[in-house]
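Chemist: need coordinates for the following:
(chains A and B)
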Number of protein chains: 2
Amino acid sequence: MSSDHRLYTYLNEEFQPLESTYLHVSDLAIQRGYGIFDFFKTQHGHPLFLDDYLDRFYNSAQLMMLEVPLSAEELKVAITRLIQMNGLADSGVKMILTGGYSENGYNPGPSNLLMVEQPLTLPSPEQLAAGIKIITHEYVRELAEAKTINYTMGIRLIQKVKQQGADDVLYHQNGVVSEFPRSNFFLVKADNTLVTPAKDVLKGITRKNVLEIAARKYNVEEGTVTLQDLAQAKEAFMTSTTKRILPIVAVEGKLVGNGKPGEVSLDLLQELVQLEEAQAGVL
Amino acid sequence: MSSDHRLYTYLNEEFQPLESTYLHVSDLAIQRGYGIFDFFKTQHGHPLFLDDYLDRFYNSAQLMMLEVPLSAEELKVAITRLIQMNGLADSGVKMILTGGYSENGYNPGPSNLLMVEQPLTLPSPEQLAAGIKIITHEYVRELAEAKTINYTMGIRLIQKVKQQGADDVLYHQNGVVSEFPRSNFFLVKADNTLVTPAKDVLKGITRKNVLEIAARKYNVEEGTVTLQDLAQAKEAFMTSTTKRILPIVAVEGKLVGNGKPGEVSLDLLQELVQLEEAQAGVL
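Modeler: Down below sits the predicted model:
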């Protein structure tokens, strides 16, 4: 992808250049941080697991009492056209639904529906080989089951993460682990059982795919994970649309397992990559 | 104020018509609900208690690791010019500071500073005579001491408030009362002592003024208020910049005191109106 590739967006039934896509300041995202979004990727021009992402998008909208102005079928037509216009091979598509233009700065108006497609960079082999270091922070996301645009805590913690030489921050409450600001969390026990937090998390589509893949070979549990479990884990990793499976090698400066990306994590990553390529119609 | 009055806004050192004031969709308020704001009013063209509002605005920015691009003195110059351009006698001025245009949709860029001035309607004599009915909801605002733009809970509750025939919703946690989505809470005990929650609240400027006024005549406390205290209260009221002092006459369908606006509440409102007029240079 050249950086001078002209990108188009979708906003309320119109396609327009990204650089000239604006929302009026009366929008409730600007006034009150009120909105939801979702994010899927395309591979070789094909959206991956689109139905899952759309289901979650409509579910988030409902939880926030917002109405998506298009049916899922209409939305798919718009997505297809956007992808065609942009002609990106591998991309991320963000759909944002806001509280709309508000007359009094508080009550929602008809929602604004925005879609932005941009080139996507997946983790490099070097990043995968190195794994990531994380810190932890006591916090539970509000309305965790909805993908709202509220990232107040995650963004406030960017500097702290950096200062501590870490790559991301894992939320927990009273030592019970939930999720990263933008990713899910998995742990591999000594007996190769996989566990991922069941509660207070956004149910990731990659999380769902990993649970399915892993269940073919390993014991898998959606349950409770504590910081103590993490201290005793053999492996740990994060999952997300953009990260796929990214091994965690240290937590608060202490090594996870032997401090290297684990074999279960890397095995599952291979399987996930195959699943994605099958979805994209390559295999 | 005629409705065809042309209003101007301030955005990053430029004054422009409200109808053409937009933010690019890469702004972190739209992408991640990340921003702070404040809101003061003008009376007879004079901003009231401006230094207090500006102190809080800069404090909120600091808590969210955002930098206000102007010094307080420079900001005052811009505010004065905006008020002159709009020529509104009584108005509300909202200052919004966002996480700025973000390159990756997550890391803040240089903040966008926006100011919108609009006509302000204070509660009518009829509203004051009737008082308001409220419901309660278990919730504590994240980072309550900062005036962030995150109103996810308040806005989600709009429909519930309406369905229950109420005017607003009071937050509490385990029965300990904090605040309304946009207002502070006061209670008057049987012995005319005033109490307002000390913790988990945004410290309102009107709250501060009411505490000062009330201390001249009554015992006042910043402390703990429970729903049980409220059930036994003689009077209760909310305070905010736009509401001033608004008596609460019912909570979850049960009358507060005798179910009418109380004399302490109305006495303090008179004093507050006088304080505001003195600030505006009228008295």
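
Chemist: can you tell me if stretch A:45-65 touches chain B.
Modeler: Yes - Stretch A:45-65 reaches chain B (Cβ under 8 Å from any Cβ of the partner chain) through A:64-65. In this view, the C-beta of every residue, glycine as well, is placed from N, C-alpha and C.

Chemist: name the residues that touch that stretch?
Modeler: With Cβ atoms under 8 Å, 6 or more residues apart in numbering or on different chains as the test, stretch A:45-65 has contacts from A:34-42, A:67-68, A:72, A:75-76, A:79, A:83, A:87-89, A:93, A:95, A:97, A:108, A:111, A:143, A:145-148, A:203, A:205, A:208-209, A:276, A:279-281, B:152, B:156, B:159.

Chemist: output that stretch as PDB, restricted to C-alpha atoms.
Modeler: Provided in PDB are the C-alpha atoms of stretch A:45-65 (Å, rounded to 0.1, in the frame of the first residue of the first chain):
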ATOM      1  CA  GLY A  45     -10.000  -8.000  -0.300                       C
ATOM      2  CA  HIS A  46     -12.400 -10.300   1.600                       C
ATOM      3  CA  PRO A  47     -14.000  -9.300   4.900                       C
ATOM      4  CA  LEU A  48     -13.300 -12.100   7.500                       C
ATOM      5  CA  PHE A  49     -16.000 -13.400   9.800                       C
ATOM      6  CA  LEU A  50     -18.200 -10.500   8.800                       C
ATOM      7  CA  ASP A  51     -21.400 -11.900  10.100                       C
ATOM      8  CA  ASP A  52     -19.900 -12.300  13.600                       C
ATOM      9  CA  TYR A  53     -18.700  -8.700  13.600                       C
ATOM     10  CA  LEU A  54     -22.000  -7.400  12.300                       C
ATOM     11  CA  ASP A  55     -23.900  -9.400  15.000                       C
ATOM     12  CA  ARG A  56     -21.800  -7.800  17.600                       C
ATOM     13  CA  PHE A  57     -22.200  -4.300  16.100                       C
ATOM     14  CA  TYR A  58     -26.000  -4.600  16.100                       C
ATOM     15  CA  ASN A  59     -25.900  -6.000  19.600                       C
ATOM     16  CA  SER A  60     -23.700  -3.100  20.900                       C
ATOM     17  CA  ALA A  61     -26.100  -0.600  19.200                       C
ATOM     18  CA  GLN A  62     -29.000  -2.200  21.000                       C
ATOM     19  CA  LEU A  63     -27.300  -2.200  24.400                       C
ATOM     20  CA  MET A  64     -26.700   1.500  23.900                       C
ATOM     21  CA  MET A  65     -30.200   2.100  22.600                       C
END
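
Chemist: report the distance from that stretch to the chain centre.
Modeler: Distance of stretch A:45-65 from its chain centroid, counting by Cα atoms, centre = their mean, to the nearest Å, is 12 Å.

Chemist: before we move on, what about stretch A:28-37?
Modeler: Taking mean C-alpha positions (Cα atoms, centre = their mean), stretch A:28-37 and its chain are 18 Å apart.

Chemist: just the C-alpha atoms of it, please, in CSV.
Modeler: This file holds the C-alpha atoms of stretch A:28-37, laid out as CSV (Å, rounded to 0.1, in the frame of the first residue of the first chain):
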residue,chain,number,x,y,z
LEU,A,28,-23.0,13.1,20.6
ALA,A,29,-19.6,11.4,20.3
ILE,A,30,-18.0,14.8,20.5
GLN,A,31,-20.4,16.2,23.0
ARG,A,32,-20.8,13.1,25.3
GLY,A,33,-18.5,10.4,24.1
TYR,A,34,-21.6,8.5,23.1
GLY,A,35,-21.2,5.8,20.5
ILE,A,36,-20.3,2.3,19.6
PHE,A,37,-18.1,0.8,16.9
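
Chemist: ranges for the helices of the stretch 151-283 of chain A?
Modeler: For the stretch 151-283 of chain A, applying DSSP state H, counting those that start in this stretch gives helices covering A:152-156, A:158-163, A:205-215, A:227-231, A:263-279.

Chemist: JSON lines for these, including distance to B:K243 and mean pLDDT?
Modeler: Below are the helices of the stretch 151-283 of chain A laid out as JSON lines (distance: least, Cβ to Cβ, whole Å; pLDDT from 0 to 100):
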{"stretch": "helix A:152-156", "distance to B:K243": "26", "mean pLDDT": "97"}
{"stretch": "helix A:158-163", "distance to B:K243": "36", "mean pLDDT": "97"}
{"stretch": "helix A:205-215", "distance to B:K243": "44", "mean pLDDT": "98"}
{"stretch": "helix A:227-231", "distance to B:K243": "44", "mean pLDDT": "97"}
{"stretch": "helix A:263-279", "distance to B:K243": "53", "mean pLDDT": "97"}
